[in-house]
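Asker: Compute the structure for the input listed below.
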Amino acid sequence: MRASSPERWQQVLANSAYADALRSRDSSINAFLEIDTDRRHSHGDGTSPAAAGPLAALPLAVKDNIAVRGFGLTCGSRILANHISPYDATVVARLVAAGMVPVGKTNLDEFGMGSATEHSIAGPTNNPWDADRVAGGSSGGSAAAVAAGMVPLALGTDTGGSVRQPAAFCGIYGLKPTYGTLSRYGLVAYASSLEVAGLLSRDLAILRAAYEAASGADVMDQTSVSLPDAASRPSDEVRRVAFLGGELGLDQRTAAAYRRMRDVVAATGAAVEDIELVTAEAVVPAYYTIAAAEASANLARFNGVRYGERPVFAENPEALVRQARTEGFGDEVKLRILLGTYVLRSGFQEQYYQRAQRVRTAIRRELASVFARHDLLVLPVYPTAAFRHGEAELTAFQQKLADRFTTLANLAALPALSVPGGVCDGLPVGIQAIGPAFSEARLMRFAELAAAELPPQRPPGYEIELCDEVIPGGRT
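Answerer: Got it, this is the predicted structure:
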């Protein structure tokens, strides 16, 4: 079914029924932590001349580790449960300047640490395709909100696949851009050298317009970069495509979708070749060593003194910090802080952290050699389709091992796009493409080629987008 036009989404913000319909539809999904559709006075209404483009007056959902003025900024954590952001993240401010209106903050794994959006003070987010299954993580709320037709675009963050994996589980597009092209100012830091803001949508035109509006250097973020001029960026041609070969450990659904995507790409006339990566086995250990180390440093600021909730009473400052962090952080966050502190200890940095950085360099060099011969590398997003809530199907450790496909792009600072790969036995499967730096246009072109045979599908029960439900005369 064709996606609703931007014009119909533009009408929905003026309809008083939108907020109630949004809450009603979300009641069985739990994608949102906060909903407020009446922010046009503080965030623009899409009527100014500067906001007359393709994003004008479109609703925007924002993951709750990205700052939006006047909304909460909880990161899904008890330690920030009552924190209200006094400013906009740059990526939000730029989308607002393009006419978009933030309508709510979406659920996430606490501080972005997880693969299922189950580690949150607000409880788990359910997959619109099957409420017994996870929506993915950590941007599961954003992905579920888009897949269920509640908003046309959502912001997430991607540290090791946290945009692409939930996009794959929910059957939509998820873009992790080149590191630095979207400002990180206003993102609550987890692993600074790995994480980026990302975009989720069912509509490639909206996804492309949002990336163009939000990208570019930012004086508030020294890691941000200006986009090269069009002549210096990789072309959008998709002529030579590498597929990751070997034993990938995929479930039946994912293996079938991966084979089908290979056939779809070959049918476009592109040269297809299977390759293997020498560094593949070292990807997950290197990623989690670096991510945990950076998390332990970044989250040290949340101590109940300068940031976060503090206990009512403590004997001394040391007890205050200990109690605030004990009560404020969940188990997964505590685990990663402890691991990061361990690998950064004197005498252990060389053995763990510095070795992981050398592995990271090797991964970057191997991927550079791949892109010297191929336009794109195509590989699964995750070894399985959306798994059931709890640890009956995948334990927390198995979920970490399953990040082996997505963490490649973060370690190498490269762009990647999760593309719907069809629906198998009632669940969507996503396939991702990774490209050289600044090749977002090429990734979009790949998505267009794939969509000709494998367009995004809607979850059962959510065939009608919310804008068509609340606007008089909308499609039924």
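Asker: next helix or strand past the worst-scoring helix or strand of the chain on mean pLDDT?
Answerer: Taking mean pLDDT, DSSP states H and E as the measure, helix 40-43 is the helix or strand of the chain with the lowest mean score, a mean of 48. Following the chain from helix 40-43 toward its C-terminal end, the next helix or strand by DSSP states H and E is strand 59-63.
Asker: What mean pLDDT does that following strand get?
Answerer: Here the mean pLDDT over strand 59-63 is 97, rounded to a whole number.
Asker: and residue 352, how many neighbours?
Answerer: Residues near residue 352, counting by other Cβ atoms under 10 Å, number 21. For the C-beta atoms, the positions are set from N, CA and C on the backbone; glycine is no exception.
Asker: residues in contact with the nearest residue to it once chain neighbours are set aside?
Answerer: Among residues not flanking residue 352 along the chain, residue 343 sits closest, at 3.9 Å (Cβ to Cβ, 6 or more residues apart in numbering). Applying Cβ atoms under 8 Å, 6 or more residues apart in numbering to residue 343 gives the contacts 289, 292-293, 349, 352-353, 356.
Asker: same thing but at 7 Å, please
Answerer: Residue 343 makes contact with 289, 292-293, 352-353, according to Cβ atoms under 7 Å, 6 or more residues apart in numbering.
Asker: so residue 304 touches residue 320, yeah?
Answerer: Yes: Residue 304 sits in contact with residue 320 when judged by Cβ atoms under 7 Å, with a separation of 5.5 Å.
Asker: so what sits against both of the two?
Answerer: Common contacts of residue 304 and residue 320, defined by Cβ under 7 Å, 6+ apart, comprise 310-311.
Asker: Give me the more crowded residue out of these two.
Answerer: Residue environment comparison for residue 304 versus residue 320 gives the larger neighbour count to residue 304, 20 against 17, counting by other Cβ under 10 Å.
Asker: Looks to me like the more buried one is in a strand.
Answerer: No: the assignment for residue 304 by DSSP: H, G, I helix; E, B strand; the rest coil gives coil, which leaves it out of any strand.
Asker: Show the contacting residues for it.
Answerer: If you count contacts by Cβ under 7 Å, 6+ apart, residue 304 has them with 310-311, 320-321, 324.
Asker: redo that, cut-off 8 Å
Answerer: Contact partners of residue 304, counting by Cβ under 8 Å, 6+ apart, are 79, 310-311, 320-321, 323-325, 328.
Asker: Let's see the pLDDT reported for it.
Answerer: 91.
Asker: For residue 331, see how far away the closest residue to it other than its chain neighbours is.
Answerer: Distances taken as Cβ to Cβ, 6+ apart put residue 324 closest to residue 304, at 2.7 Å, once the chain neighbours are dropped. Residue 324 is 16 Å from residue 331, where distance means Cβ to Cβ, to the nearest Å.
Asker: quick one, which of these two is more surrounded?
Answerer: Just comparing residue 324 and residue 331: by other Cβ under 10 Å the higher neighbour count belongs to residue 324, 22 against 10.
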